[in-house]
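S.K.: after the sequence you'll find the predicted model.
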Amino acid sequence: MYERLAEAFERGLKGAMKKFYSWLEGLGINSGKFSLDEIEDFLRTNPEATVDRVQELETIAEYMGYYSRKKSEVLHIPILGVSGSGRTHILRVIFSFSSNVDMRALFMDAAQFSEVEAESQRFEELLEEVHERRPDILIVDNCETDANIKYSLRELIRAKGGGILIITSWCPVTWEYERDDVEEIVETTEEVFLHPFSPEKTFQLISKITSFISDGKLNIPRDICDEIHRYSMGIPRVAITLFFRSFRESFRSGGSGIDLEAVRKAAGAMGLSSLDELLNRLSDMQLLVLKHIILSKDPRGIRPIRLVEILNRDKATVSYHLEQLLSSRVVTRTKLGRFAFYRIRRDLLPFVQLKLYREGEFYHA
């Protein structure tokens, strides 16, 4: 019985998707390019599509030039940005540029560094690669995912021996928490922060994405881009996600293309409506809970008992605040067996990170 229901479900899904893609094609959009994966690949392989990061890239390039003259030093440039701010894209631009100036670079993802046996073996292989290739530049992405980042950076520096330029990327909340420990291993040369886009830069981003998915056939009006900026607050991935979801909302509503109403409906579906008001209503304790959810290294989220231990509060208090965050759709809950794990909703994560970073001095617990 369930097998037949599943087959019916797939028929319905494929039919709906076929209609949506046909609708997109009617607007002049190449449906094969209409996905976040395609956009990420486009941005990764087209550094010239980078929007409003010239100053940050020039800062890093200057340090590359300095290091190339004096290779005995260990330099560290942490790149800070909330989720979806384009940290990985910036790192890949630097990685591609390094070959233009005859510098050897290695790109690593800190998510590969782990105590799990298979991944620990992978880290040993990476250390061996560093030792053998002796790169000038070591690029380490997603440092907030490594529970032992201090150890990892120390071993990577030892494996190279001598000087090296290390460029890392971090969630700013995690960097503030880990900075002192990391600086016991390597001093910070200069921090580079990826700020949210201005309305003009959001317009440029959406225009470039539109040109890519429509092969230059479609233009998005400025007022729609401004509305996307208003809800996304200039965070690149949020802006792109909202842009794509607006097309789906327009299709569901029987529209003939993206419009302001479709953007507003998509923003509501993503939980972005009245976001400022929602974040400003959060209590200090709720912000502390959110901070420690961000700091958790467990990809499943954080368990209430762990928050009880960290915050030194009773279980009832922690449960109350988690339920409040759940009811306001700031966090999600996943049950695995007898255990519940809480995570911040992906669409809201960058906004929570930005608030905690800007007001971080109040939430040190």
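M.R.: Arrived safely.
S.K.: show the contacting residues for the residue minimising distance to the centre of the chain.
M.R.: The chain has residue 83 as the residue nearest its centroid, 2.8 Å off, counting by C-alpha atoms, centre = their mean. For residue 83, the contact set (C-beta atoms under 8 Å, 6 or more residues apart in numbering) comprises 171, 237, 346, 349, 350, 353. Quick note: C-beta positions are derived from backbone N, CA and C, even for glycine.
S.K.: filter the residues you listed down to the buried ones, PyMOL style.
M.R.: The PyMOL command for the buried members of these (criterion: 16 or more other C-beta atoms under 10 Å) is given here:
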select buried, resi 171+237+349+350+353
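S.K.: wait, residue 332 touches residue 342, no?
M.R.: Yes. Using C-beta atoms under 8 Å, residue 332 is in contact with residue 342, at 7.2 Å.
S.K.: following the strand or helix carrying residue 343, which helix or strand shows up next?
M.R.: Using DSSP states H and E, residue 343 sits within strand 339-344. Moving toward the C-terminus from strand 339-344, the next helix or strand (DSSP H and E) is helix 349-358.
S.K.: can you list contacts of that next one?
M.R.: 82-85, 171-173, 176, 196, 233, 235, 237-238, 275, 279, 287, 290-291, 294, 330, 344, 363.
S.K.: among those residues, which are in helices?
M.R.: 172, 173, 176, 237, 238, 275, 279, 287, 290, 291, 294 (DSSP state H).
S.K.: okay, those residues in CSV with pLDDT and distance to residue 320 next?
M.R.: Output for the ones in helices among the contacts of helix 349-358, formatted as CSV (pLDDT from 0 to 100; distance: C-beta to C-beta, whole Å):
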residue, pLDDT, distance to residue 320
172, 96, 28
173, 96, 23
176, 94, 27
237, 95, 32
238, 97, 29
275, 91, 23
279, 93, 19
287, 95, 15
290, 96, 15
291, 95, 17
294, 96, 20
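S.K.: show me the strands in the stretch 201-350 of the chain, by range?
M.R.: 331-336, 339-344 (DSSP state E, counting those that start in this stretch).
S.K.: return the most buried member of those.
M.R.: Among the strands of the stretch 201-350 of the chain, strand 339-344 has the highest mean neighbour count (mean count of other C-beta atoms under 10 Å), at a mean of 18.
S.K.: what kind of secondary structure is the closest residue in space to residue 136 that isn't next to it in sequence in?
M.R.: Excluding the flanking residues, the one nearest residue 136 by C-beta to C-beta, 6 or more residues apart in numbering is residue 103, at 4.4 Å. At residue 103 the chain is in coil, as set by DSSP: H, G, I helix; E, B strand; the rest coil.
S.K.: and residue 103, how close does it get to residue 97?
M.R.: Using C-beta to C-beta, to the nearest Å, residue 103 is found at 9 Å from residue 97.
S.K.: and what of residue 113?
M.R.: 25 Å.
S.K.: more neighbours: these two, which one.
M.R.: residue 113 (26 against 17; other C-beta atoms under 10 Å).
S.K.: what's the per-residue pLDDT of that one here?
M.R.: As summarised for this prediction, residue 113 has a pLDDT of 82.
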